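Engineer: let me see the structure of the following:
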Amino acid sequence: MRMKVKVWVGLLGASLALGVLAALFSPWQMEPAGKTAKTGQANPSALQSAYLDWAADHTVRGGDRNVFVGLGWSKGLSREYSGAHGLAKLDFVGGSAQVELEGLTPGEQWDVWLVENAAGGSALPESKDRMHRLGRLTGEPRTARLAARLEPGFFQHFQVDMVVVSRAGKRPEQAGVLFGSPELFQRLYTKGRTNPSFAAGRRPVLASLFGPQPAFATPFDSLDPLVAQGADLFFNEQFSGNGRTCGTCHPSQNNFTIDPKFIATLAPDNPLFVAETNPALAQNFEKPQLMRALGLVLENVDGFENLQTKFVLRGVPHTLAMLNSRVRQPGSPNPPAERLGWDGGGSPGAGTIRDFALGAINQHFTKTLTRSAGVDFRAPTDQELDALAAFQLALGRQADPNLAAMQFTSPVVNRGKAIYMAQDSVGGTVAAGKCQACHGNGGSNGQEGDNRNFDIGTENLADHPADLIAPGMRPRDGGFGKTPFVNGAFGNGRFNVPVVIESADTGPFFHNNSVDSIEEAVAFYNSKAFNNSPLGVQFKAQDTGGIGIQLEATQVEAVASLLRVLNALENIRSSSELDQAVLDKDFQPARTLADLASFDTEDAFQVLEERGLHLVAVRKLKEAFVLEKLITFTHSGNKRAQLVDKILELKAEARAEIIVTP
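Structural biologist: Next up, the predicted model:
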């Protein structure tokens, strides 16, 4: 990831060189941005469409007669550690519940509760919440089961916000151990079924994000205001904590991630550096040296006990294109219900994106290491969790492209595509990169359309920069799960498959930020660390020639060139969408959208220029970038429209330099 370049000097001269008349401008004073909800990079309409598709499929599968909630241990919520996990099946229509749990200590007794959070209260179980005990079960050597029949119409007057398993005789807020809550789409679906004004598929065209409608006056009437509320929370809400927001580590102007170059631009009092400014967080909260040098943050993914030694150091994953990347492999453990974070299980409780926010606030927003809700931070409400989830799911691409059908103008890029798609090293002239097997169409899903975890050996790389900068400070990361692994790590050694279309401008790479460029990331698959890993051995066994992955330097460059081009094409798409949105906006929101568009446009020409790719397209994108900056000075709607027309023309021409349009 590169540090963003602010091009203000010489804007007028550049505009004249581009043939833009000085009359396009009106004198004005630069206005402070304030706390604008930067929703521009989110696509509520696409999210609404995805929800309606999900709702149609869910209806076919029984709708609210088949509501599944994963149950698991939650750091910061669970009163004690348990490796138990399971699933609750709720019938909101017929009024019944079934619970199956594995891993409970045989003979111990447990109560299962339904919780409806009180209006205005937090998403955590609290004494003021409505609670209904489904029943008691006893731990079994294999699976403990509970079946309950509720009174007719029970779920018409009881909204299930959470399912909790607690010690027998104790309430959820006193002794909750396993937690789970319905995911966002399920909550929207149930709300629509029980509220006639929100019938799925009957919503009018979404209101403008920046229109006159209040941002969250009727959050379930449209995903548009829900996304707007989520954006405001994401960038502005500190949850009464240490000063951080979600945007502290996921800034929109840096592709929703952080890297050393971006970190170096921040002021010393930036909340990212709270471990350096708050004495209560000086130890065991972050490793500032490695954060500044490598962009690594400290995560207590396996629990908050023994903070001195029980932690991992990971890069900050971006939050783009999450709608598809969260798809769980059928038959894999639930929880986690969604694949999130570097290990695919980076969310507490049920493992949904709603639950992710609970874990992030507990981990990163606290004032002290006691992490006491209501003291060290404010726990979010259910409404806030819905809004944060909606905003994040609306970010970036909502679908993966058909890579097989794409033809590029560069022979090098086309060669990179052939290597990317090839699965076997024998029988042809193309080396087998086998990339498509795990990163289907440049996304994060395999050939079965789901997201999976693999051990690719990244923890075995020699001379990790963190080990050279601060020897002994970086513990081994065990990846997914809580089972003791090797060298004191917890997990099964496997990590989640990330999307790669957005990769070229969101480095460093892999969960531990071990390499800095996309070329180095591709070359990793030639390494001893990968080829001796479980996945590397599997690839060798499946390869007719027994080679696995073995690419020459020129072939590494070709695959990396493909990824750079895919990244640039996505930046052109997303920035053009933002440019188009400028047209019907007043000055201030138009200025925000144009500024956001310029970040993506800058990324597009930088990822190409760094390797000398498509330099004619680079020139056109630079021209479009300057015009986007000019929009931020332009009060006249007609003049902004002229600029947008020229920007879109330039980007269309740049795209035509890169890809052959059918």
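Engineer: can you list the low-confidence ranges for the stretch 401-550 of the chain?
Structural biologist: 428 (pLDDT under 70).
Engineer: what segments of it are strands?
Structural biologist: For the stretch 401-550 of the chain, strands defined by DSSP state E, counting those that start in this stretch occupy the ranges 407-408, 453-454, 495-496.
Engineer: what's the last one packed up against?
Structural biologist: In terms of contacts (3 or more CB pairs under 8 Å, 6 or more residues apart in numbering; DSSP states H and E), strand 495-496 is packed against strand 453-454. No exception for glycine: its C-beta is placed from N, CA and C like everyone else's.
Engineer: looking at the strands of the stretch 401-550 of the chain, which is buried most?
Structural biologist: strand 495-496 (a mean of 24; mean count of other CB atoms under 10 Å).
Engineer: can you list the residues that contact that strand?
Structural biologist: 339-344, 444, 451, 453-456, 458, 479-480, 510-511 (CB atoms under 8 Å, 6 or more residues apart in numbering).
Engineer: now do the same for the nearest residue to I631 once chain neighbours are set aside: helix, strand or coil?
Structural biologist: Leaving aside its sequence neighbours, I631 sits nearest to A594 (CB to CB, 6 or more residues apart in numbering; 3.8 Å). Here A594 is recorded as helix under DSSP: H, G, I helix; E, B strand; the rest coil.
Engineer: next step: the contacts of strand 495-496 restricted to helices.
Structural biologist: Residues of these located in helices (DSSP state H): none.
Engineer: so can I have CSV of the strands of the stretch 401-550 of the chain showing distance to A119?
Structural biologist: As requested, the strands of the stretch 401-550 of the chain are exported to CSV (distance: least, CB to CB, whole Å):
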stretch, distance to A119
strand 407-408, 55
strand 453-454, 39
strand 495-496, 36
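Engineer: nearest to F587, out of those?
Structural biologist: strand 407-408 (38.8 Å; CB to CB).
Engineer: so which elements touch that closest one?
Structural biologist: Packing partners of strand 407-408 (3+ CB pairs under 8 Å, 6+ apart): helix 411-421, strand 659-660.
Engineer: out of the ones you listed, deepest packed?
Structural biologist: Compared across the helices and strands packed on strand 407-408, helix 411-421 shows the largest average neighbour count, a mean of 20 (mean count of other CB under 10 Å).
Engineer: contacts for that one, please.
Structural biologist: Counting by CB under 8 Å, 6+ apart, 403-404, 406-408, 430-433, 435-436, 551, 555, 557-563, 565, 613 sit against helix 411-421.
Engineer: let's see 6 Å
Structural biologist: Outside helix 411-421, the residues within contact range by CB atoms under 6 Å, 6 or more residues apart in numbering are F408, V430, A431, G433, C435, Q436, Q555, A558, V559, S561, L562, V565.
Engineer: any of those residues buried? List them.
Structural biologist: Applying 16 or more other CB atoms under 10 Å to the contacts of helix 411-421, the neighbour count classes F408, V430, A431, G433, C435, Q436, Q555, A558, V559, S561, L562, V565 as buried.
Engineer: which of the residues you listed lies closest to G230?
Structural biologist: For the buried ones among the contacts of helix 411-421, the nearest to G230 is V565 (31.5 Å; CB to CB).
Engineer: now name the helix or strand holding the closest one.
Structural biologist: Using DSSP states H and E, V565 maps to helix 553-581.
Engineer: counting by contacts, list what that helix packs against.
Structural biologist: When contacts are defined as 3 or more CB pairs under 6 Å, 6 or more residues apart in numbering; DSSP states H and E, helix 553-581 sits against helix 411-421, helix 518-523, helix 587-609, helix 637-658.
Engineer: quick one: mean pLDDT for the longest one?
Structural biologist: I take that to be helix 587-609. If you average the pLDDT over helix 587-609, you get 95.
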